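Asks: Here you go, sequence then predicted model.
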Amino acid sequence: MNNIKELPIGIFDSGVGGLTVVKELQAQLPGEAFIYLGDTARYPYGPRSPEIIKQFALECSSYLLKQPLKVLIIACNTASANAVGLLRKNFTLPIIEVITPGAQLAAESTRIGKVGIIGTTATIQSSAYIKALLKFDPRLKTFSQACPLFVALAEEGWISGEVPKLITQHYLKDLIRAQIDTLIMGCTHYPLLKAVIGETMGKEVQLIDSAYATVNVLKKYLKENGLLSDRIGPLPNKYYVTDAPDRFARVGSHFLNKELNDVQKIFIDKQS
Ligand code: DGL
């Protein structure tokens, strides 16, 4: 029988962005092995419809679940916002998504009850962050803004200078006007732009990193359920992608701040 504690954690994302969750995992839980799947063939999910995002999320999860896992993490905000209900209906293992942890941390952090949310178009259109925030505190006032160009800037490594600054000022002007004191970076890529977002919003606005909050929730879950790994020595981590492994390794090394090797291209079954 498998020792559940030593099973890997499954993580999936639309592409490279979920590596911000991997980075947090490696910082907070360095003994945990993981299998990462980036659906690079169908990236980006952000401009797509809820129906297709659900289908992709189901197919990615089914692929990862061909092997025993102790937890599945939906690292992608867009997939979390649109598909977590469907995935929980289809699979029995514990599934952790990135929306609830980010919303909880924001609800606990705001002093004046005004929270901003930035994310992809599909995340913002789902209102998933707003619903989660209001569950934690129905008195909160929320303000949302889709920032689709941030994803491309992060992947290009174009995270400082005049162009990112102008784009950020454009996207965030209504949030500045709304005088929020807390801003959820509700997309895997946005932590890479933290400096320019922080500079634009002003230092009195707290930035909430959903990846950080999610790994905190994971840590608590593993501790409370006696599922923390006791493993010593190298971890059998795996990186799978559905297209362009070389690009994933190159861009991913910027997200992780270290060299990324051994990215394997796989094929996932389509589900009707
Ligand atoms: N991973 C996505 C998210 O966190 C961003 C990239 C995409 O649009 O697929 O929402």
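Replies: Alright, I've got the coordinates.
Asks: When you work out contacts or count neighbours from here on, use the C-alpha atoms and nothing else.
Replies: OK.
Asks: Which residues of the stretch 51-200 of the chain lie near the ligand?
Replies: Counting by CA under 6 Å from any ligand atom, the stretch 51-200 of the chain comes close to the ligand at 76-78, 120, 187-188.
Asks: Next step: those residues restricted to helices.
Replies: The helices, defined by DSSP state H, take in 77-78 from these.
Asks: By neighbours, which of the residues of the stretch 51-200 of the chain next to the ligand wins?
Replies: residue 78 (35 neighbours; other CA atoms under 10 Å).
Asks: Strands along the stretch 51-200 of the chain, start to end?
Replies: Here the stretch 51-200 of the chain has its strands, by DSSP state E, counting those that start in this stretch, at 71-74, 95-97, 114-119, 141-146, 182-186.
Asks: Redo these as JSON lines? Include distance to residue 60.
Replies: Supplementary listing: the strands of the stretch 51-200 of the chain in JSON lines, determined by distance: least, CA to CA, whole Å:
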{"stretch": "strand 71-74", "distance to residue 60": "10"}
{"stretch": "strand 95-97", "distance to residue 60": "13"}
{"stretch": "strand 114-119", "distance to residue 60": "21"}
{"stretch": "strand 141-146", "distance to residue 60": "25"}
{"stretch": "strand 182-186", "distance to residue 60": "21"}
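Asks: Reformat those as JSON lines; add mean neighbour count.
Replies: Formatted as JSON lines, those follow (neighbours: other CA atoms under 10 Å):
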{"stretch": "strand 71-74", "mean neighbour count": "24"}
{"stretch": "strand 95-97", "mean neighbour count": "22"}
{"stretch": "strand 114-119", "mean neighbour count": "25"}
{"stretch": "strand 141-146", "mean neighbour count": "19"}
{"stretch": "strand 182-186", "mean neighbour count": "26"}
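Asks: Same list (the ones you listed) but as TSV, adding mean pLDDT.
Replies: Putting these into TSV (pLDDT from 0 to 100) gives the following:
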stretch	mean pLDDT
strand 71-74	98
strand 95-97	98
strand 114-119	98
strand 141-146	98
strand 182-186	98
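Asks: Out of those strands, flag the one nearest residue 241.
Replies: Checking those against residue 241 by CA to CA gives strand 71-74 as the closest, at 15.1 Å.
Asks: Paired strands for the closest one, with orientation please.
Replies: The pairing partners recorded for strand 71-74 under DSSP bridges are strand 9-13 (parallel), strand 95-97 (parallel).
Asks: Figure out how far it is from the centre of its chain.
Replies: Chain-centre distance of strand 71-74: 11 Å, with CA atoms, centre = their mean, to the nearest Å.
Asks: ditto for stretch 149-164
Replies: On CA atoms, centre = their mean, the centre of stretch 149-164 falls 18 Å from that of its chain.
Asks: Over to stretch 49-68?
Replies: With CA atoms, centre = their mean as the basis, stretch 49-68 stands 15 Å off its chain's centre.
Asks: Rounded mean pLDDT for it, please.
Replies: What stretch 49-68 shows for mean pLDDT is 98.
Asks: And that stretch, what's buried?
Replies: Neighbour-count burial for stretch 49-68 flags 50, 53-65 (criterion: 16 or more other CA atoms under 10 Å).
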